[in-house]
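Engineer: need the 3D shape of this:
(one chain, ligands or ions: 1)
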Amino acid sequence: MLDVNKIRRDFPIYHSDKPFVYLDSASTTQKPQVVIDAVNSYYNSYAANIHRALYEIGERATDAYEQVRIKVKQFLNVPNTHSVIFTRSTTESINLVAYAWGLKNLRQHDTVFISEMEHHSNLVPWQLITEKIGATLNYIPLADNGTLNIESLDQLNDQTKLVSVGHQSNVFGTVNSVNEIISAAKNVNAVTVLDGAQAAPHMKVNITELDCDFYAFSGHKMVGPTGVGVLIGRTDLLESMDPFMGGGEMINTVTLTKSTWNDVPWKFEAGTPNIAQVIGLGAAIDYLQSVGVDAIHDHEQSLLKYGLDILSQIEGITLYGNADHRGAVIPFNVGNVHAHDLAKFLDTDGICIRAGHHCAQPIMDYLGVASTARASFYLYNDKNDIEQLAKSIEKTARIFD
Ligand SMILES: Cc1ncc(COP(=O)(O)O)c(C=O)c1O
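Structural biologist: Coordinates of the predicted model:
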């Protein structure tokens, strides 16, 4: 296990004496001082636009921003830096693929496959695009233990043009069989997209080995700032795609009749980007690497095991999903207590959990519930957090009994 007391000293939010049990990292994570300092340092000392300012602080800002591209490449073993595009979020990254790749390449009678387990960010963009084009959206179905029914991959055929699935589920924590999914998609020459919002922060991700065409994730779920996401894309595909948004910096030449595009990746970074947030993401990657991604993963796995053990002993609790390979996310309901009431009562004990449909309403439909509670763990959590969670759930359940 990690030395959590030491880690918490790095996170200012833990410096207060107020009870604070933060179990909602699948939604967003707390920020270490080094990330806050990196963002502040840009604003305090070298706030300038990038790629255009011809003075010292402008060059410093450009350099700091572009260095993060190299950091992302190294962090995820991406084949080259031109594959790394900065966006606002996972949501924007997936929309970029849906619009810039989808509008150009999808035709009527084509099919796109996603799964029933997707976050709305990897579902709604595909509904919008397939509807606009008259293409078909198909789903890899869910199985009872919160996994995907991989046998259904035999439905992929020549009409399947794109397959997009979550690397790790934000509801069940299931780490999907992405190697099998990517290989089945490649067999029919379909483009592959992975939503890595829940995976990149919690496990070693190797893009070269995964060999997917696109990979999306968000900085704020990996101790980085809000407002920065990443899309990793195969450069030949990115080069063949039209821009997603038009504006400054994404062009090469502009006349009144025609424009030509900047090289990849800048072709997809229109306007002034979130400079401070990108720089903060760089500090977040450094921080995670200094603790060790494998060490964080092992720590979370111990918490998951302990959490499942402790929570399963609570009378009236339903735990959802039991995939063999899963991250540190536990969805549950307790007796007749509505998940929202539970979350509100836990909050009075200083415990933060998520309650709702988790931006995955089709999963709620599958489970036959309107909502669930969800506890999720990260490097700053310990077993005591889980014990406090269990105590507070039991107390709340007694009130509603
Ligand atoms: C699996 C998954 N995909 C996509 C997203 C969307 O991320 P963002 O809101 O940062 O765009 C989330 C956020 O919870 C998620 O868990």
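
Engineer: which residues touch V334?
Structural biologist: 314, 316-318, 342, 373, 393, 396-397 (C-beta atoms under 8 Å, 6 or more residues apart in numbering). (C-beta placed from N, C-alpha, C; glycine too.)

Engineer: so which of those residues are in strands?
Structural biologist: Among those, the ones falling in strands (DSSP state E) are 317-318, 373.

Engineer: contact residues of this protein facing the ligand?
Structural biologist: Residues of the chain lying close to the ligand (C-beta under 6 Å from any ligand atom) are 89-91, 119, 121-122, 166, 170, 195, 197-198, 218, 359.

Engineer: now for the residues you listed: which two are most distant?
Structural biologist: S89 and G166 (14.8 Å; C-beta to C-beta).

Engineer: of the two, which one has the most company?
Structural biologist: Counting neighbours by other C-beta atoms under 10 Å for S89 and for G166 shows that G166 has the greater number, 31 against 23.

Engineer: I'd say that one and S121 touch.
Structural biologist: No - G166 is not in contact with S121 according to C-beta atoms under 8 Å; the separation is 9.3 Å.

Engineer: joint contacts of those two?
Structural biologist: 195, 197.

Engineer: do you have the strands of the stretch 151-300 of the chain handy? List them.
Structural biologist: Ranges of strands within the stretch 151-300 of the chain are 160-166, 191-195, 214-218, 229-233, 251-254, 259-261, based on DSSP state E, counting those that start in this stretch.

Engineer: ramachandran coordinates for the most centrally placed residue in the chain?
Structural biologist: In the chain, the centroid-proximal residue (C-alpha atoms, centre = their mean) is A197; its distance is 1.1 Å. Dihedral angles of A197 (phi, psi; degrees, to the nearest 10) stand at phi -60, psi -40.

Engineer: that one - nearest residue in space that isn't next to it in sequence?
Structural biologist: Nearest-residue entry for A197: T90, 4.2 Å, with adjacent residues in sequence omitted and distances by C-beta to C-beta, 6 or more residues apart in numbering.

Engineer: which residues does that neighbour contact?
Structural biologist: Contacts of T90 (C-beta under 8 Å, 6+ apart): 121, 195-197, 216-218, 229.

Engineer: this protein - how does it break down into domains?
Structural biologist: Taking automatic domain parsing as the criterion, the chain consists of the domains 4-30+292-400, 35-289.

Engineer: deepest of the ones you listed, which one?
Structural biologist: Using mean count of other C-beta atoms under 10 Å, the stretch among those with the greatest mean number of neighbours is domain 35-289 (a mean of 19).

Engineer: one step back: turn the strands of the stretch 151-300 of the chain into CSV, including mean pLDDT and distance to C352.
Structural biologist: Shown next, in CSV, are these (pLDDT from 0 to 100; distance: least, C-beta to C-beta, whole Å):
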stretch, mean pLDDT, distance to C352
strand 160-166, 98, 23
strand 191-195, 99, 24
strand 214-218, 99, 19
strand 229-233, 98, 23
strand 251-254, 98, 44
strand 259-261, 98, 44
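
Engineer: now the helices: where do they sit in the stretch 101-250 of the chain?
Structural biologist: 103-105, 124-133, 178-187, 207-210, 235-240 (DSSP state H, counting those that start in this stretch).

Engineer: save those as a markdown table, and put in distance to P331 and mean pLDDT too.
Structural biologist: As requested, the helices of the stretch 101-250 of the chain are exported to a markdown table (distance: least, C-beta to C-beta, whole Å; pLDDT from 0 to 100):
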| stretch | distance to P331 | mean pLDDT |
| --- | --- | --- |
| helix 103-105 | 35 | 97 |
| helix 124-133 | 21 | 98 |
| helix 178-187 | 21 | 98 |
| helix 207-210 | 26 | 98 |
| helix 235-240 | 35 | 98 |
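
Engineer: which one of these lies nearest to R9?
Structural biologist: Distance to R9, taken as C-beta to C-beta, is lowest for helix 207-210 among the helices of the stretch 101-250 of the chain, at 32.7 Å.

Engineer: what is that closest one packed up against?
Structural biologist: helix 178-187 (3 or more C-beta pairs under 8 Å, 6 or more residues apart in numbering; DSSP states H and E).

Engineer: the helix it packs on vs strand 160-166, what angle?
Structural biologist: Between helix 178-187 and strand 160-166, the angle comes out at 170 degrees (axes from the mean of the first three to the mean of the last three C-alpha atoms, to 10 degrees).

Engineer: which residues does helix 178-187 contact?
Structural biologist: With contact meaning C-beta under 8 Å, 6+ apart, helix 178-187 is reached by 113, 140, 148, 150, 153, 156, 160, 163, 165, 167, 191-192, 194, 210-212.

Engineer: what's across from L194 in the sheet?
Structural biologist: V165, Y215 (DSSP bridges).

Engineer: surely it and L210 touch.
Structural biologist: Yes - under the criterion of C-beta under 8 Å, L194 makes contact with L210 at 7.0 Å.

Engineer: for the stretch 301-401 of the chain, which residue gets nearest to the ligand?
Structural biologist: Residue of the stretch 301-401 of the chain nearest the ligand, by C-beta to the nearest ligand atom: C359 (6.0 Å).
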